[in-house]
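S.K.: next one to model:
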Amino acid sequence: MKPHFFVLLLLLVAVAAATGGVAAQDDPETNQTETECAETVNYRLAICGAELDGSDVLLDLRADGPQRVTVTEAFRRGSGELNRRTLDLQDGRNTVRLTVTVDGGSEGVTIDTGDVLYQKEVTTDSSIVAGPFTASDAQASGFGAAVSVALVTLYLVARKVYGQTEEPERIA
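M.R.: Below you'll find the predicted structure:
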C-alpha cells in the first residue's frame, strides 16, 4: 500500500477522535416543577402544558387555591359562535378539555380569570420531527454522521489507492 493511504487514514481517525467529546449534555440540576409551569396567567394560575388532540385543546393548569375561570376558543376563520366553558378549578393540577374549530396547524384559547384575559396559542406537533431530544440522541446522531462520512471517505480513498479508478471522484 502507498504511504498516502496510511497518512489519510491516520488523519481521519485523529479528526474523529478529536470531535468525539463534543455533544449536548443534560443538566441534572434542573428543577422540573419550576420549568413545568413556567407560563403564568396571574399570581394564582399557571399553564403547565397545552396540546391539540384532534379538535380538542387539552390545558394542564396549576391553581394556587380554588378559583373560577372561563376558557374560550380564541380565534376562528370567518364568522360564528365560539365555544366557551366556565370551570371551578381546585387547588393543584387541573386538566381542561375544550373543543375548538381546527383551521390549520395553530389554534388557541383564552383564559379569563376575572382580572386577567390570557391568550394561549396551541400548535400541533410535527409528526416528522418529534421531540424532546436528550443528550444521548445528540450523541447518537453525531456518531452516526461521523461514521457515515468516515466510511464514504475510506471507500473513495481505497478505490483510488488500489487503482480501481484513474479519474478523480466527484463527491458533490
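S.K.: name the helices or strands packed onto the top helix by length along the chain?
M.R.: Among the elements of the chain assigned as helix by DSSP state H, the one spanning the most residues is helix 135-161. Using 3 or more CB pairs under 8 Å, 6 or more residues apart in numbering; DSSP states H and E, the elements in contact with helix 135-161 are helix 3-18. Quick note: C-beta positions are derived from backbone N, CA and C, even for glycine.
S.K.: I'd like the next helix or strand past the worst-scoring helix or strand of the chain on mean pLDDT.
M.R.: Counting by mean pLDDT, DSSP states H and E, the chain has its least confident helix or strand at helix 32-36, which shows a mean of 53. Downstream of helix 32-36, the next assigned helix or strand under DSSP states H and E is strand 39-42.
S.K.: report the buried residues of the helix or strand that comes right after that next one.
M.R.: Past strand 39-42, heading to the C-terminal end, the next element that is a helix or strand (DSSP H and E) is strand 45-53. With burial defined by 16 or more other CB atoms under 10 Å, the residues of strand 45-53 counted as buried are L45, A46, I47, C48, A50, L52.
S.K.: got those as TSV, with pLDDT and distance to V13 columns?
M.R.: Supplementary listing: the buried residues of strand 45-53 in TSV, determined by pLDDT from 0 to 100; distance: CB to CB, whole Å:
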residue	pLDDT	distance to V13
L45	92	57
A46	92	51
I47	91	50
C48	92	48
A50	87	48
L52	82	48
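S.K.: redo those residues as TSV? Include distance to F143.
M.R.: Compiled in TSV, the buried residues of strand 45-53 are given as follows (distance: CB to CB, whole Å):
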residue	distance to F143
L45	44
A46	39
I47	37
C48	34
A50	35
L52	34
